[in-house]
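# My questions concern the predicted model and sequence given below.
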Amino acid sequence: MPLDGVSINCLATELNQTLANARVDRIYQPDRFELILQLRNNGQNSRLLLSANPSAPRVHLTDDPGDNPGSPPMFCMLLRKHLSGSRLLNVSTTGFERILDFHFQNTDELGDTVSKTLVVEIMGRHSNIILLNQDGFIHDSLIHVDAAVSRVREVMPARRYVRPPEQDKDQPDHVFSALQNGSLPWPAAVAGKTLSQALLIWIQGFSPQLCQEVVYRSGLDDRLRAGELDDSQISRLRLSLHEVLSAVVNGQYQPSVFLKQPGDRIPVDFHALPLQSFAYRQAVPTLSAAMDRFYTDQNRQNQINQRRDVMVKRVKKALELALHKRAIHQDDVEAAADSDSIQKTGNLILANLSRWVEGSPTLEAIDYFDPEQPLVLIPIEPGRTAARTAQLLFKTYARVKRRGEISQKLLRHDLAEIDWLESLLHELSEADTMEALAAIQEEIDQGGLVRSRDESALPVDQTLLTVDRLNPGKAGSRVRRHQKRIAAGKSSKAKPKKTNESKALPPRQFISSDDFTILVGRNNLQNDSLTLRTAAKDDWWFHVQKMPGSHVIVRTEQKPLPDRTIEEAAAIAAWFSRATVTLGGKQSPTGLKVPVDYCPVSHVQKPRGAKPGMVIYDRYQTILVTPKEPKAPA
């Protein structure tokens, strides 16, 4: 949620406790909207993040150092000039407004003491960071607001700083005092509003989420109108509001992050109060810690999603091309299968040349290939003789037959390409870390999807992938090798350098009920390594039948494999496969079965030149299982 006035008030208290009298050591600006002040106090270093990002304006201490650009922006250099070496006296707020004032003290060139104030306005898309002198005039701001942008309030250098217009709301302490008298004194203007809307209009510093929390604690339906409540309902709402305001007025904050599910890694929200409307809450020491975790995890997840989206988009584009090529080659193969009729027509023309009347557009020929030898009418090419028409038919037959033979070989390649690309899409759907995506990127680079010359300079997570045309023969091989060298940023004579990113990420590991180790590959390169190098010949290999999925290895250590472990390993193989998507996601409907093949590793082979993760196997068995999420990795 956006920071509300209650959380800002809590944050100011925390920052004063941690940073009062801290010395400013460094200032840098990682991006357009964010600043980091590195401060030192009582022998401890702290990083203070100030952000005016319209989508996530905030202030909090952070463990993330951020990037320090080699060429700092102008506003960053101005802050360094005025604040470097200064002391942060205190952090203040006005009421429960979403504005924080950082008061600094320093000495100028003449040795005189000067005061500066850094104002952080947290107001959505109107957020800003403003440096003031001791007389309240603006040195400069992160974002300039002139009369063309706002006729109400300019934020420009040399202008006197004017605070945003105050909202016509009651302060929480005033409302709290009124509640203690047994009344619910909200203004008459909110009578037609829902309960949470009425609270939002009435009380300063309350966010929509906090207003909904008050209604939730009261047990009332939020769709009720404020003017329609009876005495009992008013009493319930007054008690829940009194409970929340008591914590706010007395500073009894309990910073928390909130989760959708108890085991989730990424929180869905945070607040200075323990909101009961969320099912799962985790207490944290400070609101800064809660915010740092929330935004760090959210930013990391956004980066993962952005990188995955780019990769998925390019793999899908390659898959569309592969499907298109398959359709073309399939048509050629089918045309070649029907080409015997072309040859037959040519032979009939030659066998019936004596029956053709010169200049006639048709030839009435006897079909000697039919036991009944019926008469058939064969068209003759306009302006050509029957013999010449037969020659053209033989050439057409040879061309179609030759194209069909070539297309048959290309079709096998197309099918392998489609299988590989579909397996990449499955891998991307399972990847939940940057390391996993990096390993898939390595597979993509090695497997035929290469970066173009212009794209090789882009960051990996923004790289656009293009498809190798896979020309057959040696010339095509040279083209592919040259494209890979370009993708690696090397000269045509340099050897491409292999990366080790995928090796840093181990396979998933589980323990069966019979204490057998079960290993699950995370991507096709790891599948190859797991099956062809890590696994022993007497280990068992599992894979979902005829669809993309992870290779699953059960380490037997030369022990017989119990039926229970076979079922568990097969269920894991089905879980880490496209079968779960086909069945409607990871929450697979109960009772639906998926075929999983399994055999000793010694029966699994990788054909020469096959794509990563592609193997063949024989002498296997098949078991039907329901996909089941395994227990936590060992």
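Alright, I've got the coordinates.
# From now on I want contacts and neighbour counts done on CA atoms only, so please keep to that.
Will do.
# Just give me the residue right at the centre of this protein.
The centroid of the chain falls nearest to N305 when counting by C-alpha atoms, centre = their mean (1.0 Å).
# What is whichever helix in the chain runs longest packed up against?
Using DSSP state H, we find that the single longest helix of the chain is helix 287-337. Helix 287-337 is packed against helix 5-19, strand 58-61, strand 256-259, strand 269-271, helix 386-430, helix 434-446, strand 465-467, with contacts defined by 3 or more C-alpha pairs under 8 Å, 6 or more residues apart in numbering; DSSP states H and E.
# Which helix or strand lies directly C-terminal to that helix?
The first helix or strand that comes after helix 287-337 along the chain, using DSSP states H and E, is helix 340-351.
# C-terminal to that next one, what's the next element?
Proceeding N to C from helix 340-351, the next assigned helix or strand is strand 362-366, under DSSP H and E.
# Direction included, what does the helix or strand following that following strand pair up with?
Following strand 362-366 in sequence order, the next helix or strand is strand 375-379 (DSSP H and E). Strand 375-379 pairs in its sheet with strand 362-366 (antiparallel), by DSSP bridges.
# in the chain, which helix or strand is least confident?
Least confident helix or strand of the chain, by mean pLDDT, DSSP states H and E, is strand 465-467 with a mean of 35.
# which stretches of the stretch 401-550 of the chain aren't confidently modelled?
448, 450-504 (pLDDT under 70).
# And for the chain?
Counting by pLDDT under 70, the chain shows low-confidence ranges at 1-2, 448, 450-504, 581-591, 632-634.
# Next one: the residue of it positioned farthest from its centre from L348, what distance?
Here the chain reaches farthest from its C-alpha mean at S354, the gap being 74.3 Å by C-alpha atoms, centre = their mean. Distance, S354 to L348, by C-alpha to C-alpha, to the nearest Å: 11 Å.
# picking up where we left off before, which residues does the residue nearest to the centre of the chain contact?
For N305, the contact set (C-alpha atoms under 8 Å, 6 or more residues apart in numbering) is empty.
# Ok, the one 4 residues further on next?
Shown here is D309, which makes no contacts under the criterion C-alpha under 8 Å, 6+ apart.
# how about stretch 116-133: buried residues?
116-124, 127-133 (16 or more other C-alpha atoms under 10 Å).
# ok, so of those residues, who is nearest K401?
Ranked by distance to K401 (C-alpha to C-alpha), these are led by G124 at 67.7 Å.
# shouldn't the closest one be in contact with P57?
Yes. When contacts are counted by C-alpha atoms under 8 Å, G124 is listed as touching P57 (6.4 Å).
# Out of the buried residues of stretch 116-133, name the ones that lie in helices.
Judged by DSSP H, the subset of these located in helices is empty.
# In strands, which of the residues you listed appear?
In this view, the buried residues of stretch 116-133 that belong to strands under DSSP state E are K116, T117, L118, V119, V120, E121, N128, I129, I130, L131, L132.
# Of the residues you listed, just say which sits nearest to L179.
E121 (30.5 Å).
# Just name the closest of the buried residues of stretch 116-133 to L375, please.
For the buried residues of stretch 116-133, the nearest to L375 is G124 (85.6 Å; C-alpha to C-alpha).
# domains of the protein?
5-141, 179-283, 506-625 (automatic domain parsing).
# Just send the ones you listed back as JSON lines, with distance to L437 too.
Below are these laid out as JSON lines (distance: least, C-alpha to C-alpha, whole Å):
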{"stretch": "domain 5-141", "distance to L437": "22"}
{"stretch": "domain 179-283", "distance to L437": "18"}
{"stretch": "domain 506-625", "distance to L437": "9"}
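# out of these, which comes closest to P164?
Closest to P164 of those, according to C-alpha to C-alpha: domain 5-141, at 9.0 Å.
# how long is that closest one end to end?
Terminal residues of domain 5-141 lie 22 Å apart, using C-alpha to C-alpha.
# so how far is it from its chain's centroid?
For domain 5-141, the distance from its own C-alpha centre to the chain's C-alpha centre is 32 Å (C-alpha atoms, centre = their mean, to the nearest Å).
# Quick one: residues contacting F394.
When contacts are counted by C-alpha under 8 Å, 6+ apart, F394 touches I342, Q343, G346.
# How about the last one, nearest residue that isn't a chain neighbour?
So the one you mean is G346. Distances taken as C-alpha to C-alpha, 6 or more residues apart in numbering place A390 nearest to G346, at 4.4 Å, with adjacent residues excluded.
# Could you double-check that that neighbour lies in contact with L350?
Yes. With contact defined as C-alpha under 8 Å, A390 counts as touching L350 (6.7 Å).
# Neighbour count: the two, which is higher?
A390 (23 against 16; other C-alpha atoms under 10 Å).
# dump the residue contacts of the more buried one.
Neighbour list for A390: T345, G346, N347, I349, L350 [criterion: C-alpha under 8 Å, 6+ apart].
# In these, which residue is surrounded by the most others?
For the contacts of A390, the largest number of neighbours (other C-alpha under 10 Å) sits with I349, at 27 neighbours.
# show me what contacts G549?
Residues in contact with G549 (C-alpha under 8 Å, 6+ apart) are S423, H426, E427, H543, A573, A574, F576, S577, R578.
# Just the buried ones from those?
Applying 16+ other C-alpha under 10 Å to those flags S423, H426, E427, H543, A573, A574, F576, S577, R578 as buried.
# Find the nearest non-adjacent residue to the second one, please.
Nearest residue to H426 in three dimensions, chain neighbours excluded: R578, at 6.1 Å (C-alpha to C-alpha, 6+ apart).
# correct me, but that neighbour touches S550?
No. With contact defined as C-alpha under 8 Å, R578 does not reach S550; the gap is 9.3 Å.
# For K631, see how far away F278 is.
Distance, F278 to K631, by C-alpha to C-alpha: 26 Å.
# which of those two has more neighbours?
Neighbours were tallied for F278 and for K631 using other C-alpha under 10 Å; the higher tally belongs to F278 (14 against 10).
# which ones are touching that one?
F258, L259, K260.
# Now the spatially closest residue to the first one that is not a sequence neighbour: which helix or strand?
In space, F258 comes closest to R281 once its chain neighbours are excluded; the distance is 4.5 Å by C-alpha to C-alpha, 6+ apart. When secondary structure is defined by DSSP H and E, R281 falls within strand 280-283.
# Kindly export that strand (C-alpha atoms) in CSV.
Presented in CSV, the C-alpha positions along strand 280-283 are these (Å, rounded to 0.1, in the frame of the first residue of the first chain):
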residue,chain,number,x,y,z
TYR,A,280,-1.1,-14.0,7.7
ARG,A,281,1.1,-11.5,9.5
GLN,A,282,4.8,-11.4,10.3
ALA,A,283,6.1,-9.0,12.9
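# Now it: buried residues?
Residues of strand 280-283 classed as buried by neighbour count (16+ other C-alpha under 10 Å): Y280, R281, A283.
# List the contacts of it.
Q254, P255, S256, V257, F258, L259, K260, Q261, P262, P274.
# is it true that the second one touches P285?
What that stands for is P255. Yes. Between P255 and P285 there is a contact under C-alpha under 8 Å: 6.8 Å.
# Which one's more surrounded, these two?
Comparing P255 with P285 by other C-alpha under 10 Å, the one with more neighbours is P255, at 25 against 10.
# Name the nearest residue to the more buried one, sequence neighbours excluded.
Setting aside the residues directly before and after it, P255 is nearest to A272 in space (C-alpha to C-alpha, 6+ apart), at 4.1 Å.
# For V145, see how far away the closest residue in space to N53 that isn't next to it in sequence is.
Using C-alpha to C-alpha, 6+ apart and skipping residues adjacent in sequence, the residue nearest N53 is F33, 5.1 Å away. Distance of F33 to V145, given as C-alpha to C-alpha: 15 Å.
# From what I see, G346 and L393 are in contact.
Yes. With contact defined as C-alpha under 8 Å, G346 counts as touching L393 (5.7 Å).
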